[in-house]
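return a 3D structure for these sequence lines:
(chains A and B)
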Amino acid sequence: MAAQGEGGRRDEIKTHFGTPEGSYKLMHHSEYSKPNRAGFNGQTNPPVKVSFITVNDGTASSDRFCFNVGKELYVYSYRGVRKAPDLSKPIDKRVYKGTLPTCHDFNLHIKSPDSVLLLIGFSAGQVQLIDPIKKEISKLYNEEHLTDKTKVTCIKWVPHSPNQFLVSHGSGQMYLYNEELPCGQAPPHYQPFKQGDGFAVYTCKTKNTRNPLYRWVIGQGAINEFAFSPCSNYLAVVGQDGHLRVFQYNTMELIGTMKSFFGGLLCVCWSPDGKYIVTGGEDDLVTVWSFHENRVVCRGHGHKSWVNMVVFDPYTSCVVNGSTTDVNGSSVEVLGLTSQQPSLGVGESSNHIAKRDSHNFPAQDHSPSVISPQHPNGRHVQGNHNASSSTLDTNRALTCISYRFGSVGQDTELCLWDLTEDILKQPYGKPRTSSVGLTALNSSSASLPRSNSLPNSQKSNSVGYVVGNDVSINAYADGHGHPIQNAVMNANSKFATLSVSDRKEGAEKKEHKRNFSLAARNSDKSSVVKSNNNRVQDNAMKMYGTMACPRLDQVPILEPLVCKKVSHERLTSLTFREDCIVTACQEGIVLTWARPGKAVTDDT
Amino acid sequence: MGANASQLEKEIGLEQFPANEHFFGFVNFGNTCYCNSVLQALYFCRPFREKVLHYKQQVKSQKKETLLTCLADLFHSVATQKKKVGALSPKKFITKLRKENEHFDNYMQQDAHECLNYLLNTVADILTAEKKGTQEPENNSVHTKPDPTWVHEIFQGTLTNETRCLNCESVSSKDEDFLDLSVDVLQNTSITHCLRVFSSTETLCTEHKYYCEVCCSKQEAQKRMRVKKLPQILALHLKRFKYMEHLNRYIKVSHRVVFPLELRLFNTSDDAFNPERLYDLVAVVVHCGSGPNRGHYISIVKSHGFWLLFDDDVVDIIDASQIEEFYGVPSDLQKNSTETGYIFFYQSRE
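Model (predicted):
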């Protein structure tokens, strides 16, 4: 590796960093934390997380935000790059005994300047719903730990539902609650509802409807985070077993899987257009997975430890419709979505689902075209729309696709990444770029008995498929055609790459079955987890060398655009906002970094 | 102790308790926790345990006492206990260890890593000698190089040391075998990163120039060490004890280094024989305390899906989420946790 070890003292903490778009500056006067930092020991506390909400109160300070630190939870008015308000006067402050807040989520739909709904998950498994402004509501769920005793790892309102929310736990289970329903006095009794490869869903059967409405058992070990797609139809779940699983949320179908290079996956985020998912994990890598191609697109190496949070920057992602010839300034759209849970329109959902259900995924799945072409906001990414004329028109000068995402890690560093078109278009199994730092590793790809005919065959494949389809069919042809080739060409490799498609078919056949075998009926939790157990382990081995978990030489390795140490403590949270980036660390210090040209000088 | 043992059984539950598995703590004979922790970790390296137990069956009692026979007796004694949990006295083994190596012949705290090295090397030597003894009469000439013993089959990997002359660009490489890898400890990193740094490129210049055989002169060169053959069990040692010249003593580096339960290597050579091995963490020797000759050693091991903490004669079941307590301290200001992972045993998934 060319990386020069840890030569000099790298302990210096950065207060600004440069990017192609300009310099980001730390706003010293907009630092938030608990008012009194004395004697703080954050070692074993849950990671500090930050949630934002904007209420239109007619003033310039319409943003509120909440963060947890240790046993405390604070809600402040967030003033962005401007001077922070008096920290000793939070909008709300809660101190908990015997249990620690671990995560939270504002309801972005039901809100007013004097009333917002905030869900909070806790280390002992409880969930609380509060209104930190009005301070009237305070509801508790799973108070007696009857549903789950393990810590809440992620909590989210279900998009477009006024009262449903999802809660994942360290036990590897995820529950759907309705905030209006009671939790009942007795432990819930479950009945199998749906089962698939590596997951099962149960309903809670009682005379009176009660919480939880559904129980999902996913993978092996803790669920670490989940995220709804921007269109709200899909749910991406990552866990300690190193799997990313993508579900059609309403039908509870598993439609895509990825495995980390090794170790647990800790965080997950959708691209603003819903085409890509990026994960971060215990392999120190960020991994980009293509939703439509059902494959790993690239991995990013920059962090020196585990990646705690990864998130797309919707404001810096540059998306151009490459099919139109009149590309000018106006069609270069900077996506204007809020970063947490950007929601696209709902209308596009139904035919979508139908197609996903066809089980011919991915070859006949057209869902990307549903999101893309006629979307009113035009915020789709599209490179090869005019597929019929030339499927490989990647060098068309005006086509530009670039996604920006950021990640923060236990190495106390912030990384920014640009996911550019040349990476996205690179066919599977044949990386063109090799990072400097990993030349050694990548150079091995050159010696693999593989490279010769790929580009050609890809072309012919694409042309063959193009006829009836549009948009990303080129990508499908890639995704679909290559594993087989790889299998042939890598006949000497240890893991048969062909197994991807075989296994997938098998798994989907299973999903067709609506009748459950006796084994499936067994609602005993441990037996379910156990039975998944071996399968997950086997999967990790089987998936290696496939598009769900490529070898290092099969996909490009991204290098970060920026990689800076910005804290003494490990970083736990990252949010992209229109005028700034917000980071938080384990100690509970929330920092605001002004975007280029957005810095405000405020005398303190 | 009795209370603890039965409680452990209760916590695991009778039905859940793995068949034919025994969780026995080892009594401490005055600062022998360095040895106890290593013994426990090795016992839960299944391939190693199986070979030791097999050795015990093979040799029966006619052999003269060696460190290996003492080890085999100890492992056999754990494996054949009627109870599932309890504590044993490894007295015979410790006595033998002290007798064989004067370094350990005292009541001071020792370095668990040195103990592991000594143990593996000694066992390998004993096996090699025994093999020779049985084979020599038959065909003396065939075996010029000793066959690898099962210690080598389990723990031995190969590093390849590549040096590229910056003048003529020629690369020379030299292989060397290892039973464990010792890597530097870097603050707020992962063990993965420490391994990457271990294999990072080093430039040899000024007084450290390299003698290039092609150029026939001393030249600047780039050097790196990468893994060519991955062992079945990868033993990783974090160099947490660092000699400080100005203090004239060793200090402990308690930096926070996270270690995943699953591992692949990034630092493999281009011609690596088996670079895709996927490893599972099976045991960790943990050092507690502030210095090398003070403090305490414990070990955490994985057995049949359970994580267990062995603290001399005390055995506890722990949740996997508690493992984070052994990562280390994230800043020099915080001195609260000094229980830090020290030696890691990763077993290859087959």
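
and residue B:324, how many residues sit next to it?
Taking other CB atoms under 10 Å in any protein chain shown as the neighbour definition, residue B:324 ends up with a count of 13. No exception for glycine: its C-beta is placed from N, CA and C like everyone else's.

how about residue B:126?
Taking other CB under 10 Å as the neighbour definition, residue B:126 ends up with a count of 19.

A helix includes it, no?
Yes. Residue assignment for residue B:126, taken from DSSP: H, G, I helix; E, B strand; the rest coil, places it within a helix.

wait, doesn't it sit right on residue B:68?
Yes. Using CB atoms under 8 Å, residue B:126 is in contact with residue B:68, at 4.7 Å.

helix/strand/coil for the residue in chain B positioned nearest to chain A?
Distances from chain B to chain A, computed as CB to the nearest CB, single out residue B:260 as the nearest residue at 3.5 Å. Look at residue B:260: counting by three-state DSSP, its state is coil.

and it, how close does it get to residue A:410?
For residue B:260, the distance to residue A:410 equals 11 Å [CB to CB, to the nearest Å].

what do the two both touch?
With contacts defined as CB atoms under 8 Å, 6 or more residues apart in numbering or on different chains, the residues adjacent to both residue B:260 and residue A:410 are A:306, B:190.

out of those two, which sits in the busier spot?
A direct count of neighbours by other CB under 10 Å for residue B:260 and residue A:410 places residue A:410 higher, at 28 against 24.

which residues touch the residue of chain B closest to chain A?
Applying CB under 8 Å, 6+ apart, one finds that residue B:260 lies in contact with A:262-264, A:282-283, A:306, B:190-192, B:281.

what's the pLDDT at residue 313?
Answering for chain A, as no chain was given. Here the pLDDT value assigned to residue A:313 is 95.

nope, chain B please
Here the pLDDT value assigned to residue B:313 is 94.

I'd say it and residue B:32 touch.
No. Proximity of residue B:313 to residue B:32 does not meet the contact threshold set by CB under 8 Å, at 11.1 Å.

counting neighbours, go ahead and name the busier of those two.
With other CB under 10 Å as the criterion, residue B:313 and residue B:32 differ in neighbour count, and residue B:32 comes out ahead with 25 against 18.

the more buried one reaches residue B:91, doesn't it?
No. Using CB under 8 Å, residue B:32 is not in contact with residue B:91, being 9.5 Å away.

so residue B:114, which state does it fall into?
The assignment at residue B:114 comes out as helix when based on three-state DSSP.

what is the neighbour count of it?
Neighbourhood size, residue B:114 [other CB under 10 Å]: 14.

nearest spatial neighbour of it, skipping sequence neighbours?
For residue B:114, ignoring the flanking residues on the chain, the nearest one in space by CB to CB, 6 or more residues apart in numbering or on different chains is residue B:103 at 7.4 Å.

residue boundaries of the helices in chain B?
Assignment of helices within chain B using DSSP state H yields the ranges B:2-12, B:33-43, B:46-59, B:67-79, B:91-100, B:112-135, B:150-155, B:191-198.

give me the contact list for the shortest one.
For helix B:150-155, contacts defined as CB under 8 Å, 6+ apart pick out B:45, B:47-48, B:51, B:120, B:123-124, B:127, B:177, B:179-180, B:231-233, B:235.

ok, of those residues, which come out buried?
B:45, B:47-48, B:51, B:120, B:123-124, B:127, B:179-180, B:231-233, B:235 (16 or more other CB atoms under 10 Å in any protein chain shown).

which stretches of chain B have low pLDDT?
B:1-5, B:60-62, B:134-146, B:332-337 (pLDDT under 70).

for the residue positioned nearest the centre of it, what are its contacts?
Within chain B, the residue whose C-alpha comes closest to the C-alpha centroid is residue B:235; the distance, by CA atoms, centre = their mean, is 4.2 Å. Residue B:235 is in contact with B:116, B:155, B:179-181, B:343-346, counting by CB under 8 Å, 6+ apart.

out of those, which are buried?
Neighbour-count burial (16+ other CB under 10 Å) is assigned, among the contacts of residue B:235, to B:116, B:155, B:179-181, B:343-346.

returning to that earlier point: which residues do residue B:32 and residue B:91 both contact?
None of the residues lies in contact with both residue B:32 and residue B:91 under the rule CB under 8 Å, 6+ apart.

just to revisit the earlier point, my read: the residue nearest to residue B:114 touches residue B:111, true?
No. In this structure, residue B:103 sits apart from residue B:111 without contact. The criterion is CB under 8 Å, and the distance is 9.6 Å.

and those two? Which one has more around it.
For residue B:103 against residue B:111, the residue with the higher neighbour count under other CB under 10 Å is residue B:111, and the figures read 20 against 14.

so the more buried one touches residue B:292, yeah?
Yes. The pair residue B:111 and residue B:292 passes the contact test of CB under 8 Å, sitting 6.2 Å apart.

tell me the residues of the stretch 251-400 of chain A that contact chain B?
For the stretch 251-400 of chain A, the residues found near chain B under the criterion CB under 8 Å from any CB of the partner chain are A:261-264, A:282-284, A:304-306.

which of those fall within strands?
Under the assignment DSSP state E, those contribute nothing to strands.

which pair in the residues you listed spans the largest distance?
Farthest-apart pair in those is A:264 and A:304; separation 17.3 Å (CB to CB).

who's more crowded, those two?
Neighbours of residue A:264 and residue A:304, each counted by other CB under 10 Å, are more numerous for residue A:304; the result is 26 against 22.

quick one, what contacts that one?
Residue A:304 sits next to A:284, A:409, A:411, A:413, B:186, B:188-190, B:193 when contact means CB under 8 Å, 6+ apart.

C-alpha coordinates for stretch B:175-195, PDB please?
Extracted as PDB, the C-alpha positions of stretch B:175-195 are listed here (Å, rounded to 0.1, in the frame of the first residue of the first chain):
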ATOM      1  CA  ASP B 175       9.100 -15.700   2.100                       C
ATOM      2  CA  GLU B 176       9.000 -16.300   5.800                       C
ATOM      3  CA  ASP B 177       6.700 -18.300   7.900                       C
ATOM      4  CA  PHE B 178       4.900 -17.000  10.900                       C
ATOM      5  CA  LEU B 179       2.800 -18.500  13.700                       C
ATOM      6  CA  ASP B 180       1.300 -15.200  14.600                       C
ATOM      7  CA  LEU B 181       1.400 -11.600  13.400                       C
ATOM      8  CA  SER B 182       2.400  -8.700  15.600                       C
ATOM      9  CA  VAL B 183       1.000  -5.400  14.500                       C
ATOM     10  CA  ASP B 184       1.300  -1.800  15.800                       C
ATOM     11  CA  VAL B 185      -1.500  -0.300  17.700                       C
ATOM     12  CA  LEU B 186      -3.000   2.900  16.200                       C
ATOM     13  CA  GLN B 187      -5.500   5.100  18.000                       C
ATOM     14  CA  ASN B 188      -9.100   4.800  17.000                       C
ATOM     15  CA  THR B 189      -8.600   2.300  14.300                       C
ATOM     16  CA  SER B 190      -9.700  -1.200  13.500                       C
ATOM     17  CA  ILE B 191      -7.500  -4.300  13.600                       C
ATOM     18  CA  THR B 192      -8.100  -4.400   9.800                       C
ATOM     19  CA  HIS B 193      -6.400  -1.000   9.500                       C
ATOM     20  CA  CYS B 194      -3.600  -2.100  11.800                       C
ATOM     21  CA  LEU B 195      -3.000  -5.000   9.400                       C
END
